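Participant: Return atomic coordinates for the entry below.
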Amino acid sequence: KRQRAKKRSASFSLDPVSLLNEVGIAHLQNGRTSEAVKYFKKALHRVQGTTMFSDSPISDDFDIVTDFKHAKVSSSIKCEKDDAENSSNTKSNRSLYIYQREEYDEGMYMYKEPICLEECFGDNRLTIAAVMNNLAHSLVDGGFYSEALEWFENALQKAYVSSTTAPVNRVALQHNIGHCFYRLGRYEESLACYHRALLSVCELGMTELDMAASLNCIAVIHFHNSSSEVAKAMEMFSTSLEIRRRILGSSHADVATVLNNIGRVHYLDNKYKEALIVYKEALQIRRKTLGKDHIDVAATVYNTGQTLHQMGKLDEAMELYKEFLEMAKARLGTNHRDVAIMYKCIAQIHQERNEFEEAKKMFEAALQTGQAALGNCHPEVASTLNKIGNLSYELGQLDAAMSYYEEGLTVEKAVLDKDHPHIIVTLTNIAQIYKQRGDYMAAIRSYREIHGMQLRVHGPVHIDVAATLSSLGLMHYQAKDYVAAFEFYQDALSIRREILGEDHADVASTLNSIGLVLFKQDLFDVAKECFIESLRIRRKLLGPNHRDVAILWYNIATIFLEIGEDDEAMKFYKETLRVERSALGYDHHDVVLTLQHMGQVHQQRGELNEALGYFKEAAEIERRKQGNDHVSVAKILNLIGNIHLQKAETKEMIDCYAEALRIYAKSGQSADTLVIAGYNFYALSKLHPECAPLA
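Facilitator: Residues are numbered from 1 along each chain as shown. Okay, the predicted model is just below:
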């Protein structure tokens, strides 16, 4: 062994290519990416005997030994990417969450060890391939994936060898090419590379661990590609996990990597309990094998916290979010994108707890950190602006909310594709504020813009298009443009029936909306048919005792009341009341409204005692729920006073009117708010002669 080591040392000292390669490896292992790139390029220049690069020719008196010693003892952080690379990399990764970015291990970059040229046994082709491979690894380390991809592909062409013992084998290169494509967001090309690697593993009879590595990478691509491929991803993750557990043991870091990946599949499939189980196991392994401060421990801490958050376990989630925040600050710096993301997660928990001041502080910290890390014009910054807008909207601060939404929209339109779904969400939020303000035409303009974007992306027959058409119908309805509202609702109904079928909840909802539009135009018979069909669907889907079923009973009853069929109206109102009490309880506001309508039916029929009973019951409910001085109580007292007027019960009438007026005055309303049914004295005296003298 000593003789072989002596020969290796002699050979090493005399071969400038090997020495340049060794210096490059030393720089690479110490994080000096730019220096490593320089030495690997010089090694390639030497071994190929020609200038391949744009940098200046290399001097023959270059002091290799001095630089080798310097590389061995120096340590530094990774070099910064140049501006062009920063720009392209940001563009390709702008929609990625933390677990997809290069700081965190998904098991996509398994073959990353540099190669010593001694292993090439003097084979010039393998020597060139090895140096190209090392150069590519340096570029990956610096985040220059496009350039790295080119060098990995060159290396593969130079050394397409079949031997599994070769220093540069095709499986490793195919993996590394797949990894570069993955980082560039070119998933289909990445998937093809990993599939070729898996095929090579089988052809060359390589180890099961190589197979497990390929299966994990393919599964990650399937996971990111489409929700329809989640089952395929889970199957491959499971096989990879079984192999690694069996060969490496249950406490190996590579086992934790697959467990973390499986947890993400469960999470996005809304299987939070299953996700939590595997995340906790992955976290335990990673803390044991990597140390508590490792960046991959931080990733699993984040994933576990996110899962607990979704499960409503806010205290436990907050604890893990804060742990991740401290780790991210220490490892990534205070002005890092993932620090901003974590501020936003913490803010969301505060918002869910109704701790609005704390939420606002955290959102503002997220915005400030995000802008420092990413600049003012980035999708993550836009997302935070929208979150602050949501908080302002929840607090009723519509002007502030609109300001944040509009600023976020400006950013999104600058950095995202013109029809990106995030832009649609922001436009929808803006339209909602216009609706709250009663500015229906402005809301219509926003929804029309959304509709145009959806048509370009989805075509005319899509469920999202139907939802926007329905919103346009509602805005026109609110603006009292019933003809336009009817047309939009009709278009939405046609799409929903085609996609969802006749008996779907959204179809029932649209039929109800069309019925309301027709009702406003006094087209009672057609409106009633729409309500009846909507009722049929809802009873089928929801059962007879659901609140949405009660709404249809109520609407049908109101039509009968309008057309003078009091008996039918009362029958449907009674069924409405029964369902509402069953679904909502006896003190719900909807119950109060139905009681009032039932009282009005009896009042129209001259059945004053029955009407008085319903009005008094409604008044008692409102007093219990709203207190004695609420305007809703005054309105019902007004109705009761009118009944006493019709019955010529002077004292009771005056008592009700006086109390109603007191409440109106206390709430700042005019005395004219009181509506006295006796204004039409002649008609009143003909219907109820006993009250004529009082009238």
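Participant: Helix or strand next in line after the helix-or-strand element of the chain with minimal mean pLDDT, which one?
Facilitator: Least confident helix or strand of the chain, by mean pLDDT, DSSP states H and E, is helix 83-93 with a mean of 33. Counting by DSSP states H and E, the next helix or strand C-terminal to helix 83-93 is helix 124-141.
Participant: What helices and strands are in contact with that next one?
Facilitator: helix 16-29, helix 33-48, helix 145-158, helix 170-183 (3 or more CB pairs under 8 Å, 6 or more residues apart in numbering; DSSP states H and E). C-beta here means a position set from N, CA and C on the backbone, and glycine is covered the same way.
Participant: Now the element after the last one, going C-ward?
Facilitator: It refers to helix 170-183. Remark: after helix 170-183, the chain's next helix or strand is helix 187-204, criterion DSSP H and E.
Participant: Restricting to C-alpha, output that next one in CSV.
Facilitator: Output in CSV follows, covering the C-alpha atoms of helix 187-204 (Å, rounded to 0.1, in the frame of the first residue of the first chain):
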residue,chain,number,x,y,z
TYR,A,187,-39.8,18.6,-16.0
GLU,A,188,-40.5,16.5,-19.1
GLU,A,189,-36.9,16.4,-20.1
SER,A,190,-35.8,15.8,-16.6
LEU,A,191,-38.2,12.8,-16.4
ALA,A,192,-36.9,11.4,-19.6
CYS,A,193,-33.3,11.5,-18.2
TYR,A,194,-34.2,9.8,-14.9
HIS,A,195,-36.1,7.1,-16.9
ARG,A,196,-33.0,6.5,-19.0
ALA,A,197,-31.0,6.3,-15.8
LEU,A,198,-33.3,3.7,-14.4
LEU,A,199,-33.1,1.7,-17.6
SER,A,200,-29.3,1.9,-17.4
VAL,A,201,-29.4,0.6,-13.9
CYS,A,202,-31.3,-2.5,-15.0
GLU,A,203,-29.1,-3.0,-18.1
LEU,A,204,-25.8,-2.7,-16.2
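Participant: which residues sit against that helix?
Facilitator: With contact meaning CB atoms under 8 Å, 6 or more residues apart in numbering, helix 187-204 is reached by 162-164, 169-171, 174-175, 177-179, 181-182, 206, 210-211, 214-215, 217-218, 221-222, 224-225.
Participant: Please identify the most buried of the helices and strands packed on helix 124-141.
Facilitator: helix 170-183 (a mean of 25; mean count of other CB atoms under 10 Å).
Participant: hmm, back to that, now distance to residue 406 and mean pLDDT too, for the helices and strands packed on helix 124-141, in CSV please.
Facilitator: What follows is those, written out as CSV (distance: least, CB to CB, whole Å; pLDDT from 0 to 100):
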stretch, distance to residue 406, mean pLDDT
helix 16-29, 47, 91
helix 33-48, 41, 90
helix 145-158, 35, 92
helix 170-183, 34, 93
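Participant: wait, which of these is closest to residue 335?
Facilitator: Nearest of those to residue 335, taken as CB to CB: helix 33-48 at 21.1 Å.
Participant: what's the angle from that closest one to helix 124-141?
Facilitator: Interaxial angle, helix 33-48 versus helix 124-141 (axes from the mean of the first three to the mean of the last three CA atoms, to 10 degrees): 170 degrees.
Participant: how about the CA coordinates for helix 33-48, as CSV?
Facilitator: Written as CSV, here are the backbone C-alpha positions of helix 33-48 (Å, rounded to 0.1, in the frame of the first residue of the first chain):
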residue,chain,number,x,y,z
THR,A,33,-17.1,27.7,-6.8
SER,A,34,-15.6,30.3,-9.1
GLU,A,35,-12.1,29.2,-8.4
ALA,A,36,-13.1,25.5,-8.9
VAL,A,37,-14.6,26.4,-12.3
LYS,A,38,-11.4,28.2,-13.3
TYR,A,39,-9.1,25.2,-12.5
PHE,A,40,-11.3,22.6,-14.1
LYS,A,41,-11.4,24.7,-17.3
LYS,A,42,-7.6,25.0,-17.2
ALA,A,43,-7.3,21.2,-16.8
LEU,A,44,-9.6,20.7,-19.8
HIS,A,45,-7.4,23.1,-21.8
ARG,A,46,-4.3,21.2,-20.9
VAL,A,47,-5.7,17.7,-21.6
GLN,A,48,-7.3,18.7,-24.9
